[in-house]
Structures are given as C-alpha cells and as structure tokens.
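S.K.: quick one, fold the following:
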Amino acid sequence: MVGHYKDGKLHPKKPGASAEPKPCAGNTGTTITAEDLFYNMGTRKRAMNGRDEFNKVAHVITCYAVHNTGIAFSLKKSGDNMPKIRTTSKASKIDTISNLYGPALGKELIEFSCDDKNFGFKSSGYLTNANYSGKSFRFILFINNRLVESSAAKKALEAVYSSVLPKNSYPFVYLSIEIDPQNIDVNVHPTKNEVHFLHEDEIIAGIQAKAQQTLYKCSTSRNYYTQARLPGVDIAAAVEEVKGTKKVPEGEENTRVYDHQLVRTDCNQTKLDLFIANQAKKIMNEHEKESNSAPATALYTTIDSEKPGPSNKKMKLSNPQSENSAGENKENIDIINVEDHIPKEVSKSGNPTHRRPIYLSSVLALQEDICKARHEAAVDLLREHKFVGIANSRYALAQVRTKLYLFDFGKLSEDLFYQKAIFDFQNFDIFNFSEPAPMRDLILIALDDESSSWNPDHGPKEELANFATDLLVAKREMLDDYFSIVITKEGGLSGLPILVDQYYPLLHQIPMFLLRIATEVDWDTEKGCFQSLAREIAKLYAMKPIESESDEPATYTQPSQNSMSDPNVPDWKFTVEHILFPQLKSFFVPDQSVTSSGAILQVADLHDLYKVFERC
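M.R.: So this is what the prediction gives:
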C-alpha cells in the first residue's frame, strides 16, 4: 500500500484524487522512507547535518538488527547504490554482531544470562572478553524489546571491566532485560529514551555480578600481539621491568572491591558508646567495680557438691512482698558471683561437656523443623555482622558489609533461647536457690497481676494456685530430667536451667512463668508439650524492658549476676554486646520471620549514600 501525507494526515497526490492508500508493488517487509525533513522549518533545516542524522539512524537500525535475529534489515542512503547496513534473517546473533561490528569483535563474544524471580526479571546478552578493547564503550540495552538507555547499568558494567581492560580501553556489551511493564518509569527524559525501573539497584547488582563471574571465567588467558625488536632496545632491562610487576596472590585473581563496597573491619573500631564519653566511662567503671568485688548487701551463693553431674549453683530467692519496705526497691531478688563458681567440667556455653544423647523422636522433629526453616540470607547476615553499638532500649546497631541494620535484641533473644531449649534438651547446667521457693505463693502473686487476665469466672485464686502446684509437682521428674527445672515434693521451686553462660533470668518473672507453664503448656502430646514448654522458658529468659516511672525512656534489665538487685543498672549494654550478640552470631539459626516481623531492619546502605552525595 502507498499513501501520501501532509501535516500528519492523508492527502491526495493530485487535486481531486482520493486520499486513501492504494496497492502497489514492493518487496516483502516494511520500507520506511524519510524525505523533505523540516521542509516548513527553515531554521531547523539549515542547522541539520545530513551526515549526523544518517549516523543516528544507522545506530538505531544497527541496535535493532542485533536485538531482532530472524529479521533481515537493510539501510540505504539516498543516492548510494549499495546499502550501508544489511543483515540476513537466518544469521545468528553472533553472526549479526560480527557483520555489523567486525569479525574481530565477534570472535571475542561471551554469552551470559541472569534472572531472579524475587525481583521479577530475566536478562540475557553478550559481552566481550578481556582480549577485545575498543576506543569507546558500545552498550546496547533493550528493555521489553525497546531500545533505551540506563546510566546506572552502564556505570555498573564499566566498573566490571575497569579491573580487566587497560586504561582508555572499552568493551562491547549487548543486554536485553524483560521486566513487568508496570515497574518501568519512562517519564525520565522528554524523549523517553532513558528509563528507571523498580528495584533498579538490586537488578543491576545481580546483572553486574553475573557479568563479572562470566567474564572472569573466560579471561584466564589473554592474547598478545608481538612485533619485531626495534634497534637499540635493551631486552634485559625490559625483562627486569616485567619481573618487577606486582603479582596477584593466589585466590584473589577474580576479586574486585569497588570504592562504595569498602568496609572498615579493624578490630579496634570505635563503638557508638565511646562518642558519649561520660556515659561510656560510667558503664566501664561500674562493670569493673562489680566484677572485682561484690556489694556488701549482696546475698551469698554456694555450690552444692553433694549431687554429682552438672554444677548446681545456689542462690537465695527473697519474697518481694514480705521484704520490701517503703522507699526501697520494688524488687529484692539478687544473684552474685556465680561466674566464680562454674566448675571446670562445664563448657563456656554453660552446658556440661559430656552431653547425653537425644533419642526422643519429638525433640528430633522439633530440631529438624528449626533447620528446615533456616533462612540463608539471615544466617549470613548474623554470621558476618559487626556490632556497632546500642541505639536505644530496644534496638542495637550492627554493620554487615556496606549496610547498617537495627537488631531488636528482645525478639531475637526469645527465639535464641527457644532454640537453646530445644537443641540443649536434657543437657542444661543448673543453678539452685539457697532455699526452695513455695510455688503456691508465687502463683498467687502471678494471679494478682493484671497481666494474668484472671477473672472470677475462672474460679478462686487459691484453688487455681493449688491445682497448678499439684500439676507441676506431678510433672517434676520430667521437668528436672529434660529441662533442669528442679521442684521438690513439697511444692517448692529449687532450681532453674542455665541456657547461656553468665546469663540468668529475671527472678521477679518466675511467678508468671510458673503460672504459664501450668496453664499454657500442652501436656497431652509429647511434641506439643516440649515445644510449648520451650517457648515459655524462652519468654522467661528473653530480655524485656521495664517501664520507668520517670520521664526517661524504658531500659532493659540486666539479666546477669549482681545486676538483678538493681534493674536500672546500665550494665545491660555490656550483656547485649558481649554475651547476647556473640550467641546470636555463633549459635542462632534464624528463619524468615526475623525480617518479616521487624526483628532485623536495614537503616542505611553505603552504596545508596554514595548516590546521595553524588547529587550534592
């Protein structure tokens, strides 16, 4: 069909003739002819350079010819007998690139592909190896079969070749990306030539890593061209110069660290606490003071040497209702100098070195559930983190490579102690109270608490306390053997397990713990019983903030040693950094919930900060 247009509308070729397109003879395919450009814009026509315009058209046709294999393209300039560009429909992509850019480039091409379902993209393309170098970077980018530009993708690929090619040498890269159209922003440039898309940094980083991996695999050897020795050249001096070049250590040939990926890993790196000089000094002085001498009012701790096996630490549990007086602390629960009494046969984790094997299928199934739910990205994050400092009473800051994260150590500690209760099943160290605490009285204290949700419909508190006490006494052999929760025949709580060395539960939470294990634990099924009981133990040991009566923000109580006598002691920061976080790093197996629940939050990325400063 042939038609004539004027001012963008169909127009008859002759006056009185029809303007509709008419059939005509022609070659199979589509022919586009451009003539009389800017005929009605004299200034623009005089400024137009025919050669430049033709080169721009040739560039577009070349790119589409590379991308669309199976379609023949030809470009012919008016007045020329031979076409400037001609490709065949049966040629492969490498043959087409060799035809358009030369065989020297075509023989150095490497194919690569990358896709990620999480970010919803697929990509494929060709790049040249280290044997090819050009005077300019030839980068062809198609997104959803449309020729576009992306400065971020171009810079990322240039960075890959910066460690492979000599200075002022550039590669050839053809890249095709398929992505959901609704994730693309084309309103970046008036010509719609440059685009941005959702998750741009992550997608480009994945393509960059794949291109780098492909390039390094195929660049283990290089081709060099030799020439005849020129007269007067000192061969010996040239050889010595080559021998003096820096050798790359074995295993680091393919390692490239970019400027925005540099991470400070000095063992003497500064913590956030040191920026607050007075507070940091106060914390360190109090910690040293407590570690050197016990306070005069502290309660004693002894070791029960009569019972063989794991160490049994004793402590006194005071009744907070009977011993508190007006103007004194609300809690009078203390534990001291337990670290000095840890026997040598107890490992650093607080567990006996001679472990009892686990044969119960229910416990093995719970351990398997934890391993199956393992989230590799979260595991790597915890294993590689560098502790930075305490942000507030809930979060701590940690650095992982070039990113900064907030860790909710309250949530993480609860999950950690649950896994400790499952994996160290029937292998806990024990600390004993100096005198058994009456469980009935403790459960009555818990029922008086508003958090117990008791109401008269549940029955009298005394009957509930008697029922809970009788139930726990009936289960005392199982609790002692499997979880080291020691209960006497008379209904007294005599000991609790040690999950982590130098870390002890807050004793004022024991009343609610006893009430919950009597009412919330599934005693009917074996697996359900162990799982729910481990959860309640984890809640007892997890770090929890206490509400401050002053205007100051709530602080975490210090769950170790002498600090239980004063829950407002600032030494809890030492526990978080030197006891809790090392356990998270070496033992904890996180699952997907640590990220979905907000237990780990990313707050900054060095790569993104570079972009911010580049705009300044």
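
S.K.: list the helices and strands the longest strand along the chain packs on?
M.R.: When the chain is scanned for its longest strand (criterion: DSSP state E), the result is strand 429-438. Of the remaining helices and strands, those touching strand 429-438 by 3 or more Cβ pairs under 8 Å, 6 or more residues apart in numbering; DSSP states H and E are strand 312-315, strand 492-498. No exception for glycine: its C-beta is placed from N, CA and C like everyone else's.

S.K.: which of those has the lowest mean pLDDT?
M.R.: Comparing mean pLDDT across the helices and strands packed on strand 429-438, the weakest is strand 312-315, with a mean of 44.

S.K.: any weak-confidence spans in the protein?
M.R.: Residue ranges of the chain with pLDDT under 70: 219-354, 545-570, 608-616.

S.K.: moving C-terminal of the longest strand of the chain, what's the next helix or strand?
M.R.: The helix or strand immediately downstream of strand 429-438 is helix 439-448, counting by DSSP states H and E.

S.K.: which strands or helices does that next one pack on?
M.R.: Here helix 439-448 touches helix 461-474, strand 492-498, helix 510-519, going by 3+ Cβ pairs under 8 Å, 6+ apart.

S.K.: now with 6 Å, please.
M.R.: In terms of contacts (3 or more Cβ pairs under 6 Å, 6 or more residues apart in numbering; DSSP states H and E), helix 439-448 is packed against helix 461-474, helix 510-519.

S.K.: give me whichever of the ones you listed is most buried.
M.R.: Mean neighbour count (mean count of other Cβ atoms under 10 Å) peaks for helix 510-519 among the helices and strands packed on helix 439-448, with a mean of 22.

S.K.: distance between that one and the chain's centre?
M.R.: Relative to the centre of its chain, helix 510-519 is centred 36 Å away, using Cα atoms, centre = their mean, to the nearest Å.

S.K.: same question, stretch 594-612
M.R.: Averaging C-alpha positions (Cα atoms, centre = their mean) puts stretch 594-612 8 Å from its chain's average.

S.K.: for that stretch, list every residue counted as buried.
M.R.: Applying a neighbour-count criterion of 16 or more other Cβ atoms under 10 Å, one finds 594-595, 599-600, 606 buried in stretch 594-612.

S.K.: of all those residues, which comes closest to Ile443?
M.R.: Taking Cβ to Cβ as the measure, Ile443 lies nearest Ala599 of the buried residues of stretch 594-612, at 31.4 Å.

S.K.: OK, contacts around that closest one?
M.R.: By Cβ atoms under 6 Å, 6 or more residues apart in numbering, the contact set of Ala599 is 408, 411-412.

S.K.: next: Ile203.
M.R.: So Ile203 contacts 119, 121 (Cβ under 6 Å, 6+ apart).

S.K.: the same query, at a cut-off of 8 Å, please.
M.R.: With contact taken as Cβ atoms under 8 Å, 6 or more residues apart in numbering, Ile203 is in contact with 116, 119, 121, 177, 179, 197.

S.K.: assumed Lys14 was part of a helix.
M.R.: No - assessed with DSSP: H, G, I helix; E, B strand; the rest coil, Lys14 is coil; it does not lie in a helix.

S.K.: any idea how far it lies from His4?
M.R.: Here Lys14 is placed at a distance of 10 Å from His4 (Cβ to Cβ, to the nearest Å).
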